[in-house]
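Asks: Okay, here's the prediction I keep looking at, along with the sequence it came from:
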Amino acid sequence: MAINEEQVKHVAKLAKLSFSDDELTGFTDQLGKIIDMVEQLGKVDTEGVPFTSNVLETINVMREDVADEGWSRDELMKNVPEHEDGFIKVPAIIDNGEAGA
């Protein structure tokens, strides 16, 4: 599957990235090669190969999930750079009415 510069520009816009013309050409070439490699993997005959979810014989041991008393809103607000009406203010992720993703 070939990828073109317009597709790379579209993905870059969604990720809020901008590239120079040289970078755009380079990334288009790199992404094309990556897609080709993934397509090659899809052609590999895996008939009869057992499913492997993890190659190591380890068991994930997790601590017991215990609920702790939370902090008060006033205590939390002491640690944030900006807040309003009891909420933490963060930078906008939507510009000019367009969603970033």
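Replies: Here it is on my side, so go on.
Asks: Every contact and neighbour count from this point should use C-alpha atoms.
Replies: Will do.
Asks: And the strands in the chain?
Replies: Shown for the chain, the strands assigned by DSSP state E span residues 83-84, 87-88.
Asks: Over stretch 79-92, what's the mean pLDDT, rounded is fine.
Replies: For stretch 79-92, mean pLDDT is 89.
Asks: again with stretch 22-39
Replies: 93.
Asks: What are the buried residues along that stretch?
Replies: Across stretch 22-39, burial judged by 16 or more other Cα atoms under 10 Å covers L24, F27, T28, D29, G32.
Asks: Okay, and which of those residues map to helices?
Replies: L24, F27, T28, D29, G32 (DSSP state H).
Asks: Tell me how many other residues surround V80.
Replies: Neighbours of V80 under the rule other Cα atoms under 10 Å: 12.
Asks: mind listing what the residue lying closest to it once chain neighbours are set aside touches?
Replies: Among residues not flanking V80 along the chain, I88 sits closest, at 6.9 Å (Cα to Cα, 6 or more residues apart in numbering). Contacts for I88 (Cα atoms under 8 Å, 6 or more residues apart in numbering) come out as M77, V80, E82.
Asks: ok, so of these, who is nearest S53?
Replies: Proximity of those to S53 (Cα to Cα) peaks at V80, which lies at 41.1 Å.
Asks: Would you mind measuring from that closest one to D74?
Replies: 11 Å (Cα to Cα, to the nearest Å).
Asks: And A92, by the same measure?
Replies: 24 Å.
Asks: Then L41?
Replies: Taken as Cα to Cα, the span from L41 to D74 is 54 Å.
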